[in-house]
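Student: Structure here, sequence nowhere to be found:
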Ligand SMILES: [Zn+2]
Ligand SMILES: [Zn+2]
Ligand SMILES: [Zn+2]
Ligand SMILES: [Zn+2]
Ligand SMILES: [Zn+2]
Ligand SMILES: [Zn+2]
Ligand SMILES: [Zn+2]
């Protein structure tokens, strides 16, 4: 190799080296751009045509923002074909479609500003426990979709003290109503009061302890329950019969015997005398007696014939104590 050739080579090497240094520093040599209009170059916002002379040439032509991207086309630019929008299911719920038993989640598209939704699976509501709303209702809410429903308390009975079997609220007030005695249980000795339950419509009763009958007004009946008490009066009435105008009737007109007399009866008893029965014979049995209401005066026919006559009088008080009186 001659010196001259060596110097030329050295100069060429230096030129190439200098050129490489200049390009590496971003200083592309001055040139006429040649545009590659068959290929779009793009970044996330826009597209353009680039220069083909130097790879390092950053000159752009026809630059414009991407356009035409939609949810339906997946966010592709209709000019350059670059995907510049990121649509897809964000799994962030935007709303729920609900029925009384189910909900369906509607998820947002993850591309901000896109209003399209992804419809999820139909699922049963995930309800909170029932809670009291007021004295008649309980309600619950779906934890996911906030669907709310109400219904009436139910299952309350006298036996469970009126507690709703769904929400446990005591919505019925059962208990003894001391104002309302519906009946008495009675026997010869005493009575027990039956009280109504204070919950309207409940037919259960409360029975008090038995107490003795009491008759403070002495009408023969228990003041509270009305039971007819056995009387302490065990004595029969005492009575006297007299003949009204006996001398005239019996003796005043001999020859025309008058068997019709008027009897006057005076009788006493601890209780009220209620009935009497009269007979001319002492042989009649009690069942044959003709009982009539007690009266202090009564017309009577003596048995026919002469002689000493006897009239028998039976008296009975309100307790059935009976006595026999007679007049001759
Ligand atoms: Zn260029
Ligand atoms: Zn584009
Ligand atoms: Zn979208
Ligand atoms: Zn729900
Ligand atoms: Zn309830
Ligand atoms: Zn009750
Ligand atoms: Zn009583």
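Tutor: Looks like it arrived, so ask away. Just so it is clear, the model here is predicted, and its values are computed rather than measured. Ligands and ions are numbered 1, 2, ... in the order given.
Student: Tell me who's in contact with residue 290.
Tutor: Contact analysis of residue 290 by C-beta atoms under 8 Å, 6 or more residues apart in numbering lists 277, 278. C-beta here means a position set from N, CA and C on the backbone, and glycine is covered the same way.
Student: per-residue confidence for the spatially most central residue of the chain?
Tutor: Centroid-nearest residue in the chain, with C-alpha atoms, centre = their mean: residue 153, separated by 3.5 Å. For residue 153, the pLDDT comes out at 98.
Student: Over to the one 3 residues further on?
Tutor: What the model reports for residue 156 is a pLDDT of 96.
Student: That one and ligand 6: what is the separation?
Tutor: 9 Å (C-beta to the ion, to the nearest Å).
Student: The residue nearest to the centre of the chain is in contact with residue 139, isn't it?
Tutor: No - counting by C-beta atoms under 8 Å, residue 153 sits too far from residue 139 to count as a contact (11.0 Å).
Student: As a check, name the ranges of all helices in this protein.
Tutor: 3-24, 246 (DSSP state H).
Student: for the record, mean pLDDT for the shortest one?
Tutor: pLDDT averaged over helix 246 equals 52, rounded to a whole number.
Student: Spell out which parts of this protein neighbour ligand 2.
Tutor: With C-beta under 5 Å from the ion as the criterion, the chain meets ligand 2 at residues 47, 66, 77, 79, 80, 82.
Student: Which pLDDT value belongs to the third one?
Tutor: This means residue 77. At residue 77, the model reports a pLDDT of 98.
Student: Could you do the second one as well?
Tutor: Residue 66 is assigned a predicted lDDT (pLDDT) of 98.
Student: And the last one, by the same measure?
Tutor: As summarised for this prediction, residue 82 has a pLDDT of 97.
Student: Once you drop chain neighbours, what's closest to it?
Tutor: Closest residue in space to residue 82, ignoring its immediate chain neighbours: residue 42 at 4.4 Å, by C-beta to C-beta, 6 or more residues apart in numbering.
Student: Contact residues of this structure facing ligand 4?
Tutor: 103, 125, 142, 144, 145, 147.
Student: quick one on the thing from earlier: which two in the residues of the chain next to ligand 2 are spaced the farthest apart?
Tutor: 79 and 82 (8.8 Å; C-beta to C-beta).
Student: what's the spacing between residue 200 and ligand 7?
Tutor: Using C-beta to the ion, one gets 28 Å for the distance from residue 200 to ligand 7.
Student: Tell me how many other residues surround that residue.
Tutor: The tally of other residues near residue 200 (other C-beta atoms under 10 Å) stands at 9.
Student: Domain map for this structure?
Tutor: 33-85, 89-124, 178-230, 238-327 (automatic domain parsing).
Student: Next, format the ones you listed as TSV and append distance to ligand 3.
Tutor: Output for these, formatted as TSV (distance: least, C-beta to the ion, whole Å):
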stretch	distance to ligand 3
domain 33-85	3
domain 89-124	3
domain 178-230	60
domain 238-327	104
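Student: Which of these sits closest to ligand 5?
Tutor: domain 178-230 (16.0 Å; C-beta to the ion).
Student: Looking at strand pairing, list the partners for the residue of the stretch 51-200 of the chain found nearest ligand 7.
Tutor: Here the stretch 51-200 of the chain gets closest to ligand 7 at one residue, residue 191, 3.5 Å apart by C-beta to the ion. Under DSSP bridges, the beta-bridge partners of residue 191 are residue 186, residue 211.
Student: Residue 210 is in contact with that one, correct?
Tutor: Yes - assessed by C-beta under 8 Å, residue 191 is found in contact with residue 210 at 6.7 Å.
Student: Which residue of the two possesses the greater neighbour count?
Tutor: residue 191 (21 against 14).
Student: shared neighbours of residue 79 and residue 82, which are they?
Tutor: 40, 47, 66.
Student: May I ask which of those has the most neighbours?
Tutor: Neighbour max across the shared contacts of residue 79 and residue 82 (other C-beta under 10 Å) = residue 66, 23 neighbours.
Student: if I pick residue 265, what's in contact with it?
Tutor: By C-beta under 8 Å, 6+ apart, residue 265 lies in contact with 239, 240, 241, 276, 294, 295, 296, 297, 298, 313.
Student: which intervals of the stretch 101-250 of the chain have sub-threshold pLDDT?
Tutor: Counting by pLDDT under 70, the stretch 101-250 of the chain shows low-confidence ranges at 232, 244-250.
Student: just the strands in it please.
Tutor: 102-109, 117-124, 131-132, 137-141, 148-152, 176-186, 190-197, 205-207, 211-212, 238-243 (DSSP state E, counting those that start in this stretch).
Student: Those strands into JSON lines, with extra columns for distance to residue 259?
Tutor: Output for the strands of the stretch 101-250 of the chain, formatted as JSON lines (distance: least, C-beta to C-beta, whole Å):
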{"stretch": "strand 102-109", "distance to residue 259": "108"}
{"stretch": "strand 117-124", "distance to residue 259": "107"}
{"stretch": "strand 131-132", "distance to residue 259": "92"}
{"stretch": "strand 137-141", "distance to residue 259": "91"}
{"stretch": "strand 148-152", "distance to residue 259": "87"}
{"stretch": "strand 176-186", "distance to residue 259": "52"}
{"stretch": "strand 190-197", "distance to residue 259": "55"}
{"stretch": "strand 205-207", "distance to residue 259": "64"}
{"stretch": "strand 211-212", "distance to residue 259": "55"}
{"stretch": "strand 238-243", "distance to residue 259": "12"}
